[in-house]
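*Asks:* quick one: sequence and predicted model below, then my questions.
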Amino acid sequence: MGYVPVKGGTQAIDASIKRLKYERLKGNETIEIHTIMSTMRGMIDQVMSESSLYSPFLAALAIKQAEGSMEEAVFLMRAHRSTLPRPYYSKTVEPEAMLVERRISASFKDIPGGQLLGATHDYTHRLLDFDLIGESSESIQQWLNNYQMELQQVETFDEVKYFPKVVDYLREEGLFEKYEENNTAPKDITKQSLQFPSTRSERLQVLTRGQTGAVTSLGYASLRGYGQVHPNVGEVRVGAVPIYVGHPNEMEHDTDEDFYIGDIKVTEVESFVPTQVKNANNEYELQFEIGYGICYGQNETKAIAMSILDQCLEHPEADFPTHDEEFVLLHIDSVESTGFISHLKLPHYVTFQSRLDSVRQVKKEVQEVEN
Amino acid sequence: MKTNTHFAFFDEGSKKEIRRAIMKAVAIPGYQVPFASREMPIARGWGTGGLQITLSIIGKSDVLKVIDQGADESVNAVSIKKLVHETTGVELTEQTNKASVIQSRHRIPEVALTEDQIIVLQVPMPEPLRKVEASEYMTKRMHAEDDYSGVWLMLFEQIMKYGKTATSADHPVYVNGRYVMAPSPIPRFDNSKLHQSEALILLGAGREKKIYAVPPYTNVESLAFEDYPFSVEVFEGKHCHLCGSTDVFLDELIDPETGETIHQCNDTSYCIEQLNKKAEAEVQTSYA
């Protein structure tokens, strides 16, 4: 008689984990964390953004451990995040004070402060560069030296330049409504689960940590036809913003006493979306609203898609799934979606047996009736 | 910058937060309490709700058993057990009656549980009304307003279509005469074990961020009509090919040699216990 083992899972798992390690090591090559940090910028930015944990070092470690799998690296970072207490909340960050590396507007050619292209893949031709196969540290050093020399010939400003927000210019013209600042403390979705209807602070948190592909796809869907938002990119800016925290024990808050704890690189997008509003005479008139997107690192596509979805969710009355907050917010998290999809690989013996029984009983009944 | 993991993985603040949700769940039997579910080192949908409950209630003197679809040695049960053991050092067991905390996926053990035990069930879909209403905002309101017409209609439609209710696992239950609850995908066979259970039953859904409970000695009734009573999976005339048990939930297997369908206890530790009892009896009779 065939023997069906009831034990043995532990050994099988150990062997599987060992095999995984073997797959990572079998090429007998190692990659240094600092190599990942200095060469995999895009990947690190994406991992930090989706895991909502800002640490290039830990992101590089996660990428190494995950053998470059994005979902796995994000998963590792999120799990690590759960072991960390939250001792402080930062002071409000003003992206207006960003040390800008790149800043463009698709709405105005001549924005106050000018367009600053910075580093981007946007204007490259996507042709495989076979020269990279033989790239050596000498050739890198030489290139860097040349670049430094070139920079010396460039005229520089002596002072740090201030880049005003593009939207301020339009606000002065009365094309955007001026709102009172809403300084209600944001809800923290990592401390309290999302409840519906959600607040904007909750929506922005879920969107910014959303899976890049999912956020992009839903944003695209809205733009293409399954939504009512067709924005103009008012401003994309990438750069470092400083983070401050207040003294935890002092009751009186003086902003001069705040502690600077470092800076983070973010991408910020303000999209301009024309909407119809009723004026005082009950007539329709066109006005602009802002869709807002922000995320860790340089993730411009995601930040723009986020700004579209933010605007969509501000208008739940539109009858499209991209305007339905539960549809959007509950399905774009990387750890949640990949987790539940992958759980289908777990054994479902009991549930399937139960389903079989149900189908068999129904069939039996039908046969009895037919006889 | 290697860091040591805290006892039971979480920081104390997180544990307290989860325990508060559990207290509320026990106070309102069958009500789904939202909680800020943490990301765990195992995947969402792989038992993170159950795991978070287990980690937040476990103490150094506890004895833990983990089962997955009835089996102690199933891959995921092993993985969860390993994680809890590595972060707490608690004793592990496969014997149901020795455990003080039992985390289970989709089964309630065959051996009756006692007042000294807590069973933690992993839940994929905590919302029993999700099949009839996609929106969380709406289902929350339906629970509040005691509006369960949708789920009754679902059962009624099954009777109209198939001549009987055609639910499989996760057949909805009424808890304490108030909340309709998803018992997690346990087979209908296990539903009766929820009723007046001596052990505290905690249910955790990590991805959906809900915790709910059936406190000891609570009435739990499977949804059914008077003329179409609730029925469980049938294993008539079948027995476990290893230990011979008949009144248990059986897995259906194919004998690789004969190609015939055979059955085996789904609860592996129960099966081994029965086999041990038999062996013991045999030894005793042969030496008597």
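*Replies:* Now that the structure is in, tell me what you want to look at.

*Asks:* use CA for all of it now, contacts and neighbours both
*Replies:* OK.

*Asks:* where along the chain do the helices fall?
*Replies:* No chain in the question, so chain A it is. Ranges of helices in chain A, per DSSP state H, are A:9-25, A:33-39, A:41-51, A:56-65, A:70-81, A:137-152, A:166-172, A:200-208, A:212-224, A:300-314, A:325-329, A:334-342, A:349-370.

*Asks:* wrong one, I was asking about chain B
*Replies:* Using DSSP H, helices in chain B cover B:12-27, B:48-57, B:75-88, B:136-144, B:149-162, B:188-191, B:268-287.

*Asks:* export the shortest one to CSV, keeping only CA atoms.
*Replies:* What follows is the C-alpha trace of helix B:188-191 in CSV, where atoms were taken according to Å, rounded to 0.1, in the frame of the first residue of the first chain:
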residue,chain,number,x,y,z
ARG,B,188,-18.5,23.2,7.5
PHE,B,189,-17.5,20.1,9.5
ASP,B,190,-15.7,22.3,12.0
ASN,B,191,-18.5,25.0,12.4
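
*Asks:* give the rounded mean pLDDT of it.
*Replies:* Helix B:188-191 carries an average pLDDT of 96.

*Asks:* repeat that for the last one.
*Replies:* Along helix B:268-287, the predicted local confidence has a mean pLDDT of 87.

*Asks:* does that helix reach chain A?
*Replies:* Yes. Helix B:268-287 comes into contact with chain A (CA under 8 Å from any CA of the partner chain), by way of residue B:268.

*Asks:* which residue ranges make up the domains of chain B?
*Replies:* B:12-222, B:250-287 (automatic domain parsing).

*Asks:* OK, contacts around residue A:206?
*Replies:* Shown in contact with residue A:206 (CA atoms under 8 Å, 6 or more residues apart in numbering or on different chains): A:189, A:329, A:333.

*Asks:* actually residue B:274, sorry about that
*Replies:* So residue B:274 contacts residue B:243 (CA under 8 Å, 6+ apart).

*Asks:* quick one: it from residue B:190, how far?
*Replies:* Distance of residue B:274 to residue B:190, given as CA to CA, to the nearest Å: 19 Å.

*Asks:* same question, residue A:48
*Replies:* Applying CA to CA to residue A:48 and residue B:190 gives a distance of 44 Å.

*Asks:* give me the more crowded residue out of those two.
*Replies:* Taking neighbours as other CA atoms under 10 Å in any protein chain shown, residue A:48 and residue B:190 compare with residue A:48 leading, 25 against 22.

*Asks:* roughly how far does the more buried one sit from chain B?
*Replies:* 15 Å (CA to the nearest CA, to the nearest Å).

*Asks:* OK, contacts around that residue?
*Replies:* Residue A:48 touches A:54-56, A:59, A:74, A:296-297, counting by CA under 8 Å, 6+ apart.

*Asks:* from these, which is closest to chain B?
*Replies:* Each of the contacts of residue A:48 was scored against chain B by CA to the nearest CA, and residue A:74 proved nearest at 10.6 Å.

*Asks:* and that closest one, how many neighbours does it have?
*Replies:* Neighbours around residue A:74, by other CA under 10 Å: 27.

*Asks:* repeat that for residue A:190.
*Replies:* 17.

*Asks:* which residue, neighbours along the chain excluded, lies closest to it?
*Replies:* Leaving aside its chain neighbours, residue A:190 sits nearest to residue B:36 (5.8 Å; criterion: CA to CA, 6 or more residues apart in numbering or on different chains).

*Asks:* tell me how many other residues crowd that neighbour.
*Replies:* 21.

*Asks:* ok, now which ones touch it?
*Replies:* Counted by CA under 8 Å, 6+ apart, residue B:36 has contacts A:189-193, B:209.

*Asks:* and it, what pLDDT?
*Replies:* Residue B:36 is given a pLDDT of 90.

*Asks:* where in the stretch 1-150 of chain B is pLDDT low?
*Replies:* For the stretch 1-150 of chain B, applying pLDDT under 70 flags the ranges B:1-3.

*Asks:* ok, back up a step: which one of the domains of chain B is the most hemmed in?
*Replies:* Counting by mean count of other CA atoms under 10 Å in any protein chain shown, domain B:12-222 has the highest mean neighbour count of the domains of chain B, with a mean of 21.

*Asks:* before we move on, back to that, now, which of the contacts of residue B:36 sits nearest residue B:158?
*Replies:* The closest of these to residue B:158 turns out to be residue B:209 (CA to CA; 29.9 Å).

*Asks:* correct me, but the closest one touches residue B:48?
*Replies:* No. Using CA atoms under 8 Å, residue B:209 is not in contact with residue B:48; the gap is 9.7 Å.

*Asks:* and stretch A:69-89, which residues are buried?
*Replies:* Neighbour counts over stretch A:69-89 (16 or more other CA atoms under 10 Å in any protein chain shown) mark A:70-83 as buried.

*Asks:* including pLDDT and distance to chain B, could those go into TSV?
*Replies:* Output for the buried residues of stretch A:69-89, formatted as TSV (pLDDT from 0 to 100; distance: CA to the nearest CA, whole Å):
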residue	pLDDT	distance to chain B
A:70	96	14
A:71	95	11
A:72	97	10
A:73	98	12
A:74	97	11
A:75	96	8
A:76	97	7
A:77	97	9
A:78	95	6
A:79	93	5
A:80	93	8
A:81	90	8
A:82	86	6
A:83	84	5
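
*Asks:* thanks a lot, see you next time.
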